[in-house]
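1. Got a predicted structure plus its sequence, pasted below:
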Amino acid sequence: MKYLDEYRDPALARRLLDELRRTATRPWRIMEVCGGQTHTLVRQGIDELLPVGMRMIHGPGCPVCVTPLETLDRAMAIAARPGVIFTSFGDMLRVPGSDTDLLSLRARGADVRVVYTPMDAVRVAQERPDHEVVFLAVGFETTAPANAMAVLHAARLGLANFSMLVSHVLVPPALTALLDDPDCEVQAFLAAGHVCAVMGWREYEPIAREYHVPIVVTGFEPLDLLEGILMAVRQLESGRSEVENQYVRAVRRSGNTEAQDAVATVFRVTDRAWRGIGALPDSGLELTAAYARFDAARRFEVGGLRPVEDPECIAGAILTGARLPTDCAAYGTRCTPRHPLGAPMVSAEGTCAAFHAAGRTKEVTSP
């Protein structure tokens, strides 16, 4: 397949690994900030093939996983109300809230539906004017344009029964929060290619300069990641701290300006809580005043919730890269993809799910 098989060539992978071993003279620590990249690294065993001492730190790159528990509990409270059709992408349905999940609510009779795009939710609202239709809008900058377009379309249609429960987060503030932590071990970042396809990489340039940390915009296939790691190591070895673009086939410095314009029309920057990281200033998006009528949190006035994290789950430490899934006492026993204690085990981009799918055990961890 064009632009897929070429990036999975084992001979080229071996050459990149050999070059990486020749280049690296120190045990560098590099963080990828994308759940899709984490799954490729772990599934292909790339993290275990790196030079001795070099380590990939798996960051908060899973949008499902960083969605705060309070948002999930709000989603459950809204979905349980009569007259509500609650819509979401499928990867959110089994993410546990404090007491239940959306799939269990559906089993008990709530009208919870999987959609493939937010426009599907708008169509449901058109077809069912007698119901309130709510879409759970989570994710990084990647999904924000499509959600913005759905709101704009609903506004043009004059829909009064459509709303979004918004929990968008932004990557750059999370990077600075990690780097400000005195215990941070990260020496370079692999930036998520799909986020940068929307936003470009100009936002990362001040971070690279201020914190003296290389940032390489990287794709998702094995050769993308190996080349991205090599580019980061070359910077580290030479004492450089710049933003470089490995994902040249999809990303440009300015990003997608039309998508950015749509996001800026519908959303504004706000403070946002991140699961496992906490509240970060200017790290999320909320609907602007002009589109506040589509805000499900305001429409349903869901408040007074007291989220309760499972005390056995160490999702927070895993999301910040402080711990590995295999460090968790419940990993693979009391916490599995079928019966998850936290989002990183159930999400398609979660680190725990990646480790479990690859058969990683407590005895076999990343070097």
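-> Noted; the coordinates are in hand. Since the structure is predicted, the reported quantities are computational estimates derived from the model, not experimental observations.
2. Look up how far T87 lies from the residue lying closest to A146 once chain neighbours are set aside.
-> Leaving aside its sequence neighbours, A146 sits nearest to P118 (CB to CB, 6 or more residues apart in numbering; 5.6 Å). The C-beta positions use only the backbone N, C-alpha and C, and glycine is treated the same way. Going from P118 to T87 by CB to CB, to the nearest Å gives 8 Å.
3. What of R240?
-> 46 Å.
4. more crowded one of those two?
-> T87 (24 against 12; other CB atoms under 10 Å).
5. can I assume the more buried one is in contact with D111?
-> No. T87 lies out of contact with D111 (CB atoms under 8 Å); the separation is 9.3 Å.
6. that older thread, list residues touching both of P118 and T87?
-> Here P118 and T87 have F135 as joint contacts, going by CB atoms under 8 Å, 6 or more residues apart in numbering.
7. Just list the residues touching the residue nearest to A146, thanks.
-> Contacts of P118 (CB under 8 Å, 6+ apart): 135, 137, 146-147, 149-150, 164.
8. ranges for the strands of the stretch 1-150 of the chain?
-> Shown for the stretch 1-150 of the chain, the strands assigned by DSSP state E, counting those that start in this stretch span residues 29-32, 55-58, 84-88, 111-114, 132-139.
9. Of all the ones you listed, which one is nearest T333?
-> strand 55-58 (20.7 Å; CB to CB).
10. and that closest one, how far from the chain's centre?
-> Here strand 55-58 is found 16 Å from its chain centre; the criterion is CA atoms, centre = their mean, to the nearest Å.
11. got it, and stretch 338-351?
-> For stretch 338-351, the distance to the chain centre is 13 Å (CA atoms, centre = their mean).
12. Residues in contact with it: which ones?
-> 34-36, 38-39, 42, 58, 61-65, 67, 91, 94-96, 275, 309-310, 312-313, 315, 318-319, 324-325, 330-331, 334-337, 352-353, 356.
13. now these: which count as buried?
-> In these, burial by neighbour count holds for 34-36, 38-39, 42, 58, 61-65, 67, 91, 94-96, 275, 310, 313, 315, 318-319, 324-325, 330-331, 335-337, 352-353, 356, counting by 16 or more other CB atoms under 10 Å.
14. and E227, what element?
-> helix 222-238 (DSSP states H and E).
15. So what are the sheet partners of the helix or strand just after that helix and their directions?
-> If you walk from helix 222-238 toward the C-terminus, the next helix or strand you reach (DSSP H and E) is strand 243-245. Sheet pairing here is set by DSSP bridges, and for strand 243-245 it gives strand 215-218 (parallel).
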